[in-house]
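Peer 1: could you look at this predicted model? Sequence included:
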Amino acid sequence: MLTTQKENAHTRPAVYICADIFHHTQSLVMHLPIELVAFDMAGTTVQDHHEVESCFREAAQITGLHMTEEEIRSVQGWSKRFVFETFWERQIGQRDEAWAEHVDHGFQVFRDILETHYLTQPVEPTEGALETFAFLREHGVQIALTTGFYRKVADIILNKLGWLNGLDERYVGSAGSLIQFSVSSDQVAHGRPHPDMIFKSMEVLGIKDASRVIAVGDTPSDIQAGQAAGCAFSVALANGTHDPEALSPFKPDALLPSLKDFATFLQEKAFLIKK
């Protein structure tokens, strides 16, 4: 059951909370302070005006891959190559040599389109992202960025934002860097909705208990990855690629309008103990 808090019938709820999960999680987290928040990039911490969907659409049209608009939206957050593997298998009916050729060609066309976009267009943080990062750093909480992008595109975006500053060759930062770790879908065995990127972040940053981790994203696969990892809380944002109606069926522990609401949410629910 979803409970809502709102000022009147004409405003979007400030927060949706899955009540049964919340009561269990609140009790748990009050005894286990959060040590890490694993954020998605595009649509969560990096502005996304459906550019990735447009790139998929263009690549699919060029290469003859059949995907509906709804299907393109539904795979946001997935490893980008996995999208082509999945939908070319559906279209061909099997994984054979022809399938491999279509996947390779389609993914390369998509890469060219995507990289050109991010190299030539401005990249900006989402509303509230920098303030959220500052809040978490003030409270000693580490920040990891996970993404369905492959490493090259993640680097283009992070470099434009200045978020690579302070990270070493393993993409590990320090207490003084804006973020403490960055991982892309091609650096783990499985992208979302599998929890591999969250587990990798925990491993690198020395977090041994997923109940000390919160996952935040704007897609169903972000929610599923946080749940699969056993995170204390899997938080969804409604100002990215999916609206609340599309996210609610995946039962996020909380559904917030944007990252502007995240710090208040943590404070109100006592997910941060030490300052």
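Peer 2: Great, that's in hand. Numbers count the residues shown, from 1 in each chain.
Peer 1: alpha carbons only for contacts and neighbour counts from here, please
Peer 2: OK.
Peer 1: from residue 173, how far out is residue 255?
Peer 2: 29 Å (Cα to Cα, to the nearest Å).
Peer 1: and the two? Which one has more around it.
Peer 2: Ranked by neighbour count (other Cα atoms under 10 Å), residue 255 and residue 173 place residue 255 first, with 27 against 22.
Peer 1: that one reaches residue 238, doesn't it?
Peer 2: Yes - between residue 255 and residue 238 there is a contact at 6.8 Å, judged by Cα atoms under 8 Å.
Peer 1: common neighbours of those two, please.
Peer 2: residue 244 (Cα atoms under 8 Å, 6 or more residues apart in numbering).
Peer 1: which residues does residue 181 contact?
Peer 2: 143, 144, 145, 167, 171, 172, 173, 201, 204, 205.
Peer 1: center of the protein - which residue?
Peer 2: residue 40 (2.3 Å; Cα atoms, centre = their mean).
Peer 1: who's it bridged to?
Peer 2: Beta-bridge pairing of residue 40 under DSSP bridges involves residue 146.
Peer 1: tell me the pLDDT at it?
Peer 2: The model reports residue 40 with a pLDDT of 97.
Peer 1: do residue 29 as well
Peer 2: 42.
Peer 1: with residue 33 instead?
Peer 2: Reported pLDDT for residue 33: 86.
Peer 1: same check, this time on residue 18
Peer 2: So, for residue 18, pLDDT stands at 50.
Peer 1: begin at 34 from here
Peer 2: Sounds good: first residue 34 from here, last item residue 51.
Peer 1: tell me which two in the contacts of residue 214 are the farthest apart.
Peer 2: 200 and 234 (13.7 Å; Cα to Cα).
Peer 1: pick out whichever of these two has more residues nearby.
Peer 2: Between residue 200 and residue 234, counted using other Cα under 10 Å, the more crowded position is residue 234 (23 against 17).
Peer 1: can you give me the strands for the stretch 34-183 of the chain?
Peer 2: Taking DSSP state E, counting those that start in this stretch to define them, one finds strands in the stretch 34-183 of the chain at 35-38, 48-51, 69-73, 175-180.
Peer 1: ok, now which ones touch the residue nearest to residue 79 when sequence neighbours are not counted?
Peer 2: Nearest residue to residue 79, sequence neighbours excluded (Cα to Cα, 6 or more residues apart in numbering): residue 158, at 4.4 Å. Going by Cα under 8 Å, 6+ apart, residue 158 touches 78, 79, 80, 194.
Peer 1: need the phi and psi values for the last one.
Peer 2: Reported as degrees, to the nearest 10, the phi and psi values for residue 194 are phi -80, psi -20.
Peer 1: how about low-confidence regions in the stretch 34-183 of the chain?
Peer 2: Along the stretch 34-183 of the chain, the parts satisfying pLDDT under 70 run over 34-65.
Peer 1: how close does the closest residue to residue 200 other than its chain neighbours get to residue 287?
Peer 2: Using Cα to Cα, 6+ apart and skipping the chain neighbours, the partner closest in space to residue 200 is residue 206 (4.2 Å). Distance, residue 206 to residue 287, using Cα to Cα: 28 Å.
Peer 1: and what of residue 192?
Peer 2: 31 Å.
Peer 1: and residue 177, how many neighbours does it have?
Peer 2: 27.
Peer 1: for the one 10 residues further on, same thing?
Peer 2: Close neighbours of residue 187, defined as other Cα under 10 Å, add up to 23.
Peer 1: so what's it up against?
Peer 2: 180, 217.
Peer 1: swap in 10 Å and give it another go.
Peer 2: For residue 187, the residues meeting the contact criterion (Cα atoms under 10 Å, 6 or more residues apart in numbering) are 74-75, 148, 151, 178-181, 197, 215-218.
Peer 1: quick check: phi and psi on the nearest residue to residue 196 once chain neighbours are set aside?
Peer 2: Distances taken as Cα to Cα, 6+ apart place residue 211 nearest to residue 196, at 6.5 Å, with adjacent residues excluded. Main-chain dihedrals, residue 211, degrees, to the nearest 10: phi -60, psi -40.
Peer 1: wait, isn't residue 211 in contact with residue 197?
Peer 2: Yes - here residue 211 reaches residue 197: they are 8.5 Å apart, a contact under Cα atoms under 10 Å.
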